[in-house]
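Visitor: Quick one, structure for this:
(one chain, ligands or ions: 2)
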Amino acid sequence: MAIPTLPLDGGCRCGALRFRINAPPMLTGACHCTGCQRMTGSAFSLTVTVPGEGFTVTKGEPAIGGLHGEVRHHHCPHCLSWVFTRPPEGPMTFVNVRATMLDDPGWFVPFVESYTSEMLPWAATPATHRYAEFPPMEDYPALIAEYQNRPDPGKACPPERRETMDNQGPTSGLTPHIAIADKRASEAIDFYKKAFGATELTRIPADDGVRLMHAHLTINGASLMMHDEFPEYVSEPSGKPDGVTLHLQVDDADAWFQRAVDAGASVVMPLDDMFWGDRYGQVKDPFGHQWSIGTPIKGDTK
Ligand SMILES: [Zn+2]
Ligand SMILES: [Zn+2]
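Guide: Numbering: from 1, shown residues only. Ligands and ions are numbered 1, 2, ... in the order given. Got it, this is the predicted structure:
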């Protein structure tokens, strides 16, 4: 369902606390956890996740409620409605607004539902993605990208952004989504442009101003998604890329191979005529990811 035009206004039950959303929602969700059941007095909570800078309290002074822990649940001080939640202090600022606080929640559909392990037996929602607990942190970039790229991105997006989304893809298939170590995802985009003729479609910076939450390129007509590593959100650091090769089937393996090497890729397997009928070789990029390049051998192969 189309999102109504920005801004989106809303407020608590009594009207003492009002807010405005000025940025397109990143994600929508429903949470079945018992905490949300108690906080809402109902079966699940409904969330619209918006970028921190796109959310403003326009009236009243919220009071902290819930467990008063690291996650800050903001309530109306008078009617005590749970209006919005801010995550613990960290590099990513976003606000989880309770969808039913919107003056017009008619467009809202949860895209991700969490904590189905604690769900009341009859309380399923039409969410596209279901998780027994919260989605793992590393799933968020892809969930956000998929939500942004859903068939009807809505009117909430400003025109310049809408055009990017319309061209964003992929809407099906299988797409490699790689993590770049050492805060070098922006550098990697530049490298992939030089080495493989990549086209940049999307680049979403994290709030630390250095790393990227998400980026989407096309190379050789196909999508490649990537993001920086966020070790603070996962229990263990990612290892070196290993065991995965990104294959490029191209029209001229020699030219593609040479361009990649000229850009700074190191040769893993020199280009050669292989027994299976391809001219084929492998390189490693400066970020540790391995690529293979192949072209069917043309003409007489002796
Ligand atoms: Zn109120
Ligand atoms: Zn919950």
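Visitor: Is there a neighbour count for whichever residue of the stretch 51-200 of the chain sits closest to ligand 2? I'd like the number.
Guide: Per CB to the ion, Tyr115 is where the stretch 51-200 of the chain lies closest to ligand 2, at 5.6 Å. Just so you know, the C-beta spots here come from the backbone N, C-alpha and C atoms, and that holds for glycine as well. Neighbourhood size, Tyr115 [other CB atoms under 10 Å]: 21.
Visitor: What residues does the closest residue to it other than its chain neighbours make contact with?
Guide: Excluding the flanking residues, the one nearest Tyr115 by CB to CB, 6 or more residues apart in numbering is Cys33, at 3.8 Å. Residues near Cys33 by CB atoms under 8 Å, 6 or more residues apart in numbering: Ser114, Tyr115, Glu118.
Visitor: Doesn't Arg13 belong to a strand?
Guide: No - counting by DSSP: H, G, I helix; E, B strand; the rest coil, Arg13 is not part of a strand but coil.
Visitor: Contact partners for it?
Guide: Arg13 touches Cys76, Cys79, Ser81, counting by CB under 8 Å, 6+ apart.
Visitor: cool, Cys76 as well?
Guide: Cys12, Arg13, Cys14, Ala16, Leu17, Gly60, Pro62, Ala63, Val83.
Visitor: what about this structure, any weak spots by pLDDT?
Guide: 1-3, 151-171, 299-302 (pLDDT under 70).
Visitor: Show me how the record splits it into domains.
Guide: 8-135, 165-296 (automatic domain parsing).
Visitor: Now the ones you listed in TSV, please, with extra columns for distance to Pro141.
Guide: TSV is the format used below for those (distance: least, CB to CB, whole Å):
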stretch	distance to Pro141
domain 8-135	11
domain 165-296	4
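Visitor: Compile these into TSV and extend it with columns for distance to ligand 1.
Guide: Listed next are those as TSV, based on distance: least, CB to the ion, whole Å:
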stretch	distance to ligand 1
domain 8-135	3
domain 165-296	29
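Visitor: now for those, which one comes closest to Gln148?
Guide: Of all these, domain 165-296 sits nearest to Gln148, with 5.8 Å by CB to CB.
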